[in-house]
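predicted model and sequence below, questions to follow.
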Amino acid sequence: MLIPVNPWIRGFGLAPDAPVRLLCFPHAGGIAAYYRPMAAALAPDVDILAVQYPGRQDRFQEPLVDGVGELADSVTDAVLPLLDRPLSFFGHSMGAAVAYEAALRLEARGHRLRSLFVSGQSTPSARRDRGVHSLPDDLLAAELERLGATDPAILADRELLGVLLPAIRADYRAIEGYRRGDEPALDCPIAALTGTADPYVRVSEVAAWSRLTRHDFALHELPCDHFFLDARRDRVCEILRSHLTLSPTADRR
């Protein structure tokens, strides 16, 4: 069961007294509940929370947001009450871009994350518009099937898929339109995760996050495609646990 923390953040109630928190940012078309298995795996040592973007599940009636910066603005405000204990961000794919932008906004307000985890995403200066957001519905559904991010039962249910596609399209519009000319470095360690068989992001592009931190950087390569969070969940949780249980300034290479 998802537990509303505020309009933008959901909890799982599995580790409310954990000494550290990890806020997870979903991929394009993703939902907060996607991170429940990770929350269960890391309990009771880490309290996992997840962002719920507008236009899906319990926020279905709310207007969609199709800009990474706009998403980050709202998430930053929602995060402020969570800073009573060490907080880290984890973002996969589009979520990595939103997490980075929210981390920048927190630092501008005088707050520092414990760590930032970026997963399956190139740095903010990279070009990433493959035109997915403008595909007709049938071709967008085919892209989702190829990516493997959507339950096949949903893809087979054309009525349900028609309800979900506007939110998915808005997310793709957000990430495909996202690009920064500058790349401010963060005052926290960054750990980057990538699939070595990812057809969308090269390992070298993920490794380039090393220049976006003034602290330690670690690169973790997993033998998988873009959605290694599913296929290699145990290894991902092992990586997260190893970073989150070290001090922020410890060597993580």
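Great, that's in hand.

from now on I want contacts and neighbour counts done on CA atoms only, so please keep to that.
Fine.

hey, where'd the helices end up in this protein?
Ranges of helices within the chain are 36-42, 68-79, 94-108, 137-147, 152-156, 158-176, 203-207, 228-231, 233-244, based on DSSP state H.

could you dump the ones you listed to a markdown table with distance to residue 8, mean neighbour count and mean pLDDT?
Written out in a markdown table, the entries for the helices of the chain read as follows (distance: least, C-alpha to C-alpha, whole Å; neighbours: other C-alpha atoms under 10 Å; pLDDT from 0 to 100):
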| stretch | distance to residue 8 | mean neighbour count | mean pLDDT |
| --- | --- | --- | --- |
| helix 36-42 | 16 | 18 | 97 |
| helix 68-79 | 6 | 18 | 97 |
| helix 94-108 | 13 | 23 | 98 |
| helix 137-147 | 25 | 15 | 76 |
| helix 152-156 | 25 | 12 | 72 |
| helix 158-176 | 15 | 18 | 87 |
| helix 203-207 | 27 | 18 | 96 |
| helix 228-231 | 22 | 18 | 90 |
| helix 233-244 | 23 | 16 | 96 |
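
mind checking those for the one nearest to residue 13?
Among the helices of the chain, helix 36-42 comes nearest to residue 13, with 9.0 Å by C-alpha to C-alpha.

rebuild the helices of the chain as CSV, extending it with distance to residue 7.
Supplementary listing: the helices of the chain in CSV, determined by distance: least, C-alpha to C-alpha, whole Å:
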stretch, distance to residue 7
helix 36-42, 18
helix 68-79, 8
helix 94-108, 16
helix 137-147, 27
helix 152-156, 26
helix 158-176, 17
helix 203-207, 31
helix 228-231, 25
helix 233-244, 26
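
look up how far residue 190 lies from the most centrally placed residue in the chain.
Nearest to the mean C-alpha position of the chain, counting by C-alpha atoms, centre = their mean, stands residue 91 at 2.1 Å. Distance of residue 91 to residue 190, computed by C-alpha to C-alpha, to the nearest Å: 11 Å.

just residue 105 next, same as before
16 Å.

right, I'll call it a day here.
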